[in-house]
Structure formats: C-alpha cells, structure tokens
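S.K.: Mind looking at a prediction? Sequence and model below.
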Amino acid sequence: MLIENIALFRSIASLGTLSATARQMGVPVMTVSRRLASLESEVRVRLFHRTSRSVSLTPEGEAFLPYAISLLETHDAALAALAAGDSGLQGVLKVTAPNLIGRSIIVPALTRLMADNPLLKVDLTLTDGIVDLAGTGLDLAIRVSPLNSSELIATRLASNPRVLCAAPDYIRRFGKPAVVADLVGHPCLTLHGIPSWPFHIGEELRWIRVNGPFTANSIEAVRAACLDGAGLAVMTYWDVKECLQQGCLERIEMKDAELPELGIWGVYPTRRQIPPRTRAVMDAIKAQLVQHET
C-alpha cells in the first residue's frame, strides 16, 4: 500500500472533492481518480460516495480514516526523528498565530529556532481569526481562546489575563468606570462578533453587553483606537503588555467584578506522537513567553 495513496485519501476526505485535491497536489483530476481507484482496489472496499460535484466518506471510509491519519503521522514522525538525529530539525512547519502576539513573540522565537536549524522552514500565517487546521494543512496554531473541537489537542504555553484599559488622555477627560454598571456611560471598543465582555461577578460568570462607536476584525485596530483615546477596550495582557509598561494605556480594575483569564495555547491535530519540529516550535515559543513575561 503506497504511503502516497494514503495521503491522497486523507486529502480527499479533508477537501471534499477530487478537483480540489488535484489542485492542491498540482496533478490532473484523472490522476487523483486513478490513484483513488487503485487504493480502493487494494483495500477491497469503496471509500467514497461520488457525485458530480463532491465526494463523501462511505462507512468503510470513515472507519479507515483514523488509521490512515495515524499511519501518516507515524511515517512523518519516523522520518523527522531520523533526520533530526543527523542534521537537526528540518522540513516545513505551517503555523498560524494572532497578529500582535505573532509579531512580538512568535516571529522572534521562530527566527532563533531557524538559525539553530538551517534545514527547518516555517510558513507563518498571522490572523486574528480561527483557522481550520485540518482543512488548511496547518501543523500548529497559537491561540488565546479555548478549544472548540474535540479533534484538536492544546498545550498551554502561558497565562494571558484579560485587561480592561484606556488611554491616559481618555481617563483624564472622562474618568474610569468603578463598577460594571458604569460601562453604560463609556464608549467601548469591540471585536466583530463579540459585543459583550465577560465578568466574574460574585460566583457568577456574566457576559455584559457593551456599546460604542468602533468595532473591528483585528485586535490591532482595537488597540490603536484605544491608544487614540476613542474609548475603553478589553484586550489580553500580551496584546497590551508594552503599552501598560510604557504608560500609553492604563489598566482599569472594577470594584465588583473581575475579568476571567485566558491563556496562550499551542493547538495541533490529534495525534499519538507530536512531530519533533512541532514540539520544538512550541518549546521555543514558551521560552520566548517566559523571557518576556515581566
């Protein structure tokens, strides 16, 4: 059974069409179809239901998929381990991370690791959105939000408290909210799709809906508006750490509530073994976070 055909099967299952798989592999659709037929002939079952527009796994295909993934991961881990024994880490690692943390923490960690491992290559995507690891072929995602998929595993790399803050000029002009109810009188700067802020009030976690003149799809844009004195914002510690240290932003503490803490996680697809280069990247990022925590 060719490992290349096993990889082809996983790609088709992930992408949902033969044509998308062909584009990803850079081969004709006929080649994909022929190799799939060869695999099905070898395992003696039909792995996909086919229509003119898409394919879907048969019950046999669904049963085969986890074994195929495990086989590919074991194959990759074995090759990586052999390679690492001779010449350090190598190969391409696809990583995604939030914009601000990506620029300040992830990029320096990656460049140092690559300097020590000349054969290691990194393909980094910076975005504040949640990227589908399976559908995009990513190896590792650095995230600040909890997991929403049982098909992924997360390793906590650092704590990351939420921070309510404002620019000193804004506070001089409008003052600080002292309790949660005071937020009604302040313009609040928010991310798209998150019109409420979470607070621990007593024993209860409550999401308080806020209002304001500015919302954006980027935490970088929210921070910029906050720095310009446009209003209050809830961001994470690592997004505003330098601003707080330099006095560009001030932390605001509520008398009757606390913001729940987030974290920074390394998120990767479920696997029995983490490839050495993925583990090495997470260790490098964790070390960078520890170095710059205070």
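M.R.: All right, it came through fine.

S.K.: and the residue nearest the centre of the chain, what element?
M.R.: Centroid-nearest residue in the chain, with CA atoms, centre = their mean: residue 141, separated by 3.3 Å. Following DSSP states H and E, one finds residue 141 within strand 140-143.

S.K.: Tell me the bridge partners for the residue nearest to the centre of the chain.
M.R.: residue 96, residue 267 (DSSP bridges).

S.K.: Next one: it from residue 291, what distance?
M.R.: Taking CB to CB, to the nearest Å as the measure, residue 141 falls 22 Å from residue 291. C-beta coordinates here come from the backbone N, C-alpha and C atoms, glycine included.

S.K.: Next: residue 139.
M.R.: In terms of CB to CB, residue 139 sits 24 Å off from residue 291.

S.K.: Kindly report the same for residue 42.
M.R.: 51 Å.

S.K.: cool, and residue 19?
M.R.: For residue 19, the distance to residue 291 - CB to CB - is 47 Å.

S.K.: what about these two, which has more around it?
M.R.: residue 19 (14 against 11; other CB atoms under 10 Å).

S.K.: Can you tell me the element that one falls in?
M.R.: helix 18-25.

S.K.: now that helix: how far from the chain's centre is it?
M.R.: 25 Å (CA atoms, centre = their mean, to the nearest Å).

S.K.: Ok, stretch 183-191 next?
M.R.: 27 Å.

S.K.: Start and end of that stretch, how far apart?
M.R.: End-to-end distance for stretch 183-191: 17 Å, by CA to CA, to the nearest Å.

S.K.: residues of that stretch that come out buried?
M.R.: Buried positions in stretch 183-191, judged by neighbour count with 16 or more other CB atoms under 10 Å: 183, 186-191.

S.K.: of all these, which comes closest to residue 245?
M.R.: When those are compared for distance to residue 245 (CB to CB), residue 189 wins out at 20.7 Å.

S.K.: and that closest one, what does it touch?
M.R.: By CB atoms under 8 Å, 6 or more residues apart in numbering, the contact set of residue 189 is 212, 214-216, 222, 225-226, 230-233.

S.K.: redo that, cut-off 10 Å
M.R.: 166, 210, 212-216, 221-226, 228, 230-235 (CB atoms under 10 Å, 6 or more residues apart in numbering).

S.K.: Sticking with it, tell me its helix or strand.
M.R.: strand 188-191.

S.K.: and the next element down the chain from that strand?
M.R.: According to DSSP H and E, the helix or strand after strand 188-191 is strand 196-201.

S.K.: Now that next one - C-alpha only, PDB.
M.R.: What follows is strand 196-201, C-alpha atoms only, in PDB (Å, rounded to 0.1, in the frame of the first residue of the first chain):
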ATOM      1  CA  SER A 196     -20.300  41.500  25.200                       C
ATOM      2  CA  TRP A 197     -17.500  41.300  27.800                       C
ATOM      3  CA  PRO A 198     -17.200  38.500  30.400                       C
ATOM      4  CA  PHE A 199     -17.000  39.300  34.100                       C
ATOM      5  CA  HIS A 200     -16.900  37.200  37.200                       C
ATOM      6  CA  ILE A 201     -19.400  38.900  39.500                       C
END
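
S.K.: circling back: run me through the strand neighbours of the strand holding residue 189, direction for each.
M.R.: Strand 188-191 has these strand partners (DSSP bridges): strand 214-216 (parallel), strand 232-236 (parallel).

S.K.: can I get these in a markdown table with mean neighbour count?
M.R.: Compiled in a markdown table, the strands paired with strand 188-191 are given as follows (neighbours: other CB atoms under 10 Å):
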| stretch | mean neighbour count |
| --- | --- |
| strand 214-216 | 16 |
| strand 232-236 | 24 |
